[in-house]
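> What follows is a protein structure lacking sequence information:
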């Protein structure tokens, strides 16, 4: 573990914030760190840039990260399997699943690659960075921004032929439906899913994040090719 100083915190809403470190973490898009906030438990968080994590307040530690002011945190990592880089990319994000995909988006755009984004959430309050994305379609379930509906509604009539990679991150219910759709359209081989599981060690030792197919989210993932997730539409 090493200690980093907090350079700044951007609070996107009452429950979502991006925490910037005073140094870049050697990493690639899709990888995560184990973050230790002193006085709280250590938790895994996807990097939203080489020097930031973006957090939604859902538990004791994440609430503290979002709502309290602190100067330093402990970091282990970066860990895990990153996204595969492609020059023709479709990025599909749901809610806070945009965090690792923002890192990926910036990485791909910085290389001049073609990137299209489909991004949805319950309401406009949960959509972040909307002014930083080009070639993007947005959906909100309550209709407060963009298309009224879900990411899946936007995908139903979508053609995937012109994309070399399809990157997905969000709630697992959404990912399962996307998996089914891409499987039906014979596109699973070019799809990558970033999964989330409870983790203790982050390095493949403790077994807390093992899927039923034996793969470890922390070590074999968190990014998995669609062909590696056999029968993902059936809940693990």
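Now that the structure is in, tell me what you want to look at. Since the structure is predicted, the reported quantities are computational estimates derived from the model, not experimental observations.
> mind listing the strands for this protein?
Ranges of strands in the chain, per DSSP state E, are 2-11, 16-21, 32-36, 42-49, 52-56, 72-79, 88-94, 114-121, 136-140, 147-148, 165-169, 191-194, 223-225.
> Name the residues that touch the last one?
Applying CB atoms under 8 Å, 6 or more residues apart in numbering, the external contacts of strand 223-225 come out as 30, 80-84, 188-189, 191-195, 215. In this view, the C-beta of every residue, glycine as well, is placed from N, C-alpha and C.
> same check, this time on the first one
Where contact means CB under 8 Å, 6+ apart, the residues beyond strand 2-11 that reach it are 17-23, 51, 66, 69-76.
> now do the third one
Applying CB under 8 Å, 6+ apart, the contact partners of strand 32-36 are 1, 25, 27, 42-47, 53, 65, 73-80, 100, 199, 202, 218, 222.
> Walk me through which strands it pairs with, and which way each runs.
strand 42-49 (antiparallel), strand 72-79 (antiparallel) (DSSP bridges).
> want to throw these into CSV with mean pLDDT?
CSV is the format used below for the strands paired with strand 32-36 (pLDDT from 0 to 100):
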stretch, mean pLDDT
strand 42-49, 96
strand 72-79, 95
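> Out of these, the one nearest residue 180 is which?
Nearest to residue 180 among the strands paired with strand 32-36 is strand 42-49 (23.9 Å), distances taken as CB to CB.
> Could you check the angle the closest one makes with strand 165-169?
If you take axes from the mean of the first three to the mean of the last three CA atoms, to 10 degrees, strand 42-49 sits at 140 degrees to strand 165-169.
> roughly how far apart are the residue of the chain positioned farthest from its centre and residue 61?
The centre of the chain is farthest from one residue, residue 39, which by CA atoms, centre = their mean lies 25.8 Å away. Using CB to CB, to the nearest Å, one obtains 9 Å as the distance from residue 39 to residue 61.
> right, so of the strands paired with strand 32-36, which gets closest to residue 229?
strand 42-49 (18.2 Å).
> sorry, back to before: if any of the contacts of strand 2-11 are buried, put those into a PyMOL selection.
Buried residues within the contacts of strand 2-11, by 16 or more other CB atoms under 10 Å, are selected in PyMOL with:
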select buried, resi 17+18+19+20+21+51+66+73+75+76
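> how about the strands paired with strand 32-36 in CSV, adding distance to residue 129?
CSV is the format used below for the strands paired with strand 32-36 (distance: least, CB to CB, whole Å):
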stretch, distance to residue 129
strand 42-49, 9
strand 72-79, 21
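> what domains does the record give for this protein?
For the chain, automatic domain parsing gives the domain ranges 2-79, 88-228.
> remind me which residues of the chain are low pLDDT?
231-236 (pLDDT under 70).
> Recalculate using a threshold of 80.
Within the chain, the stretches with pLDDT under 80 are 197-200, 203-204, 207, 209, 212-214, 230-236.
> how about residue 55, what does it touch?
Applying CB under 8 Å, 6+ apart, we find residue 55 in contact with 16, 17, 18, 19, 45, 62, 65, 66, 96, 99.
> 7 Å instead, please
17, 19, 45, 62, 65, 66 (CB atoms under 7 Å, 6 or more residues apart in numbering).
> Just give me the neighbour total for residue 92.
Residues near residue 92, counting by other CB atoms under 10 Å, number 27.
> Could you pull up the residues touching it?
118, 151, 166, 167, 168, 178.
> Could you save these as a markdown table and add columns showing neighbour count?
A markdown table is the format used below for the contacts of residue 92 (neighbours: other CB atoms under 10 Å):
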| residue | neighbour count |
| --- | --- |
| 118 | 22 |
| 151 | 25 |
| 166 | 25 |
| 167 | 28 |
| 168 | 25 |
| 178 | 24 |
